[in-house]
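Colleague: Pasting the sequence and the predicted model now:
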Amino acid sequence: MEWSIWNFVAALGGGVLVAGVVGFVILLIQGDAELTTTLIIWSVISQQLGSLAVLAYLSRKQGTGSFATDFGFALKLEHWWGLPAGAALQIGVAIITAPLIQLLFPEGPPEQSIVAVTETSQTAVEVVLLLVALVLLAPLTEELMFRGMLTSRLLRSMAVWWAIITQAAVFALIHLADPEAIAALPGLFLIAVVLGYAALRVGNISLSLTLHAGVNLTAALLLLFGGPLLEWLDEMAGLEPAESVIRFVLGA
């Protein structure tokens with residue numbers, strides 16, 4: 001399917017619009033403008049669902065109506081190893097980029113809202129909703145949009161590696177919707193390069209999807225339960241004394 005850049009923008013914008021509406025409703029219910037855990041969790045979930053709804057509409061109206069045909073959607077058991085490989089990718093990229101971030105932000109990098117929310121989630125419901133948002137919805141939506149739709153469009157006008165690099169740059173920069181996510185950008189870019197290559201290597205998003213899920217699951221588990229492990233990873237990255245920089249560069 002020959003998607004356009006405007007189709008991609010529509011899917012992205014649709015998710016942002018739905019998240020904005022849901023966030024506004026939650027703020028009205030709260031009665032104040034505080035960025036609560038509930039607000040951020042439901043904003044993330046609604047953004048993914050909004051983008052999925054737009055993708056479904058575009059597939060039905062302009063495509064074949066099949067996500068497999070229109071976006072390369074697939075989920076094959078043979079790519080199960082993408083989950084542990086994604087975990088290794090997340091940890092490896094975090095260790096590689098942490099010294100750079102420490103150099104760029106000597107007084108400490110800014111904290112992404114999703115990092116703060118993940119670390120402060122206390123109830124079982126909050127933890128489950130976060131895992132659903134980060135490990136299921138976000139990888140699915142982002143792989144369909146970035147590796148399924150955007151990359152296929154870029155390949156019509158540039159060489160393979162330029163397409164991979166361009167989609168990775170867009171993927172990383174989109175996360176600046178939260179300006180505090182700037183410290184995670186180098187890692188997000190590297191991860192997206194691997195995801196783009198994986199999608200093109202197998203001809204669908206099955207492997208990139210499992211890799212992405214492994215990346216996000218690892219980030220979520222480290223932030224939820226990995227205090228001592230995060231300090232150890234800081235030391236592995238050569239950050240002495242351990243300064244908990246790793247937690248700021250986890251890409252999700």
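Modeller: Structure received.
Colleague: going forward, measure contacts between C-alpha atoms and count neighbours the same way
Modeller: OK.
Colleague: can you map out the helices along the stretch 151-252 of the chain?
Modeller: Here the stretch 151-252 of the chain has its helices, by DSSP state H, counting those that start in this stretch, at 151-154, 160-174, 185-202, 206-225, 227-236, 246-249.
Colleague: Go through those and name the closest to Val25.
Modeller: Minimum separation from Val25 across these (Cα to Cα) falls at helix 160-174, 24.0 Å.
Colleague: and that closest one, which residues are buried?
Modeller: For helix 160-174, the neighbour count (16 or more other Cα atoms under 10 Å) marks Val160, Ala163, Ile164, Ile165, Thr166, Gln167, Ala168, Ala169, Phe171, Ala172, Leu173 as buried.
Colleague: same thing with stretch 47-64?
Modeller: For stretch 47-64, burial by neighbour count (16+ other Cα under 10 Å) applies to 47-56, 58-59, 63.
Colleague: Take those residues and lay them out in CSV including pLDDT.
Modeller: Below are the buried residues of stretch 47-64 laid out as CSV (pLDDT from 0 to 100):
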residue, pLDDT
Gln47, 96
Gln48, 97
Leu49, 97
Gly50, 98
Ser51, 98
Leu52, 98
Ala53, 98
Val54, 98
Leu55, 98
Ala56, 98
Leu58, 97
Ser59, 97
Gly63, 94
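Colleague: Let's have the residues you listed in JSON lines, adding secondary structure.
Modeller: Listed next are those as JSON lines, based on DSSP: H, G, I helix; E, B strand; the rest coil:
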{"residue": "Gln47", "secondary structure": "helix"}
{"residue": "Gln48", "secondary structure": "helix"}
{"residue": "Leu49", "secondary structure": "helix"}
{"residue": "Gly50", "secondary structure": "helix"}
{"residue": "Ser51", "secondary structure": "helix"}
{"residue": "Leu52", "secondary structure": "helix"}
{"residue": "Ala53", "secondary structure": "helix"}
{"residue": "Val54", "secondary structure": "helix"}
{"residue": "Leu55", "secondary structure": "helix"}
{"residue": "Ala56", "secondary structure": "helix"}
{"residue": "Leu58", "secondary structure": "helix"}
{"residue": "Ser59", "secondary structure": "helix"}
{"residue": "Gly63", "secondary structure": "coil"}
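Colleague: just those now: which is nearest Met1?
Modeller: For those, the nearest to Met1 is Gly63 (6.4 Å; Cα to Cα).
Colleague: my read: the closest one touches Met1, true?
Modeller: Yes - using Cα atoms under 8 Å, Gly63 is in contact with Met1, at 6.4 Å.
Colleague: Mind listing the shared neighbours of the two?
Modeller: Here Gly63 and Met1 have Asp70 as joint contacts, going by Cα atoms under 8 Å, 6 or more residues apart in numbering.
Colleague: Sketch out the low-pLDDT regions of the stretch 151-252 of the chain for me.
Modeller: Applying pLDDT under 70 to the stretch 151-252 of the chain picks out residues 226-230, 232-234, 237, 239-252.
Colleague: Poorly predicted segments of the stretch 1-150 of the chain, please.
Modeller: 116-122.
Colleague: could you pull out the strands for it?
Modeller: In the stretch 1-150 of the chain, no strands are defined using DSSP state E, counting those that start in this stretch.
Colleague: List the residues that contact Thr69.
Modeller: Counted by Cα under 8 Å, 6+ apart, Thr69 has contacts Met1.
Colleague: I'd like to know how far it sits from Leu77.
Modeller: Relative to Leu77, Thr69 is positioned 19 Å away (criterion: Cα to Cα, to the nearest Å).
Colleague: All set, thanks.
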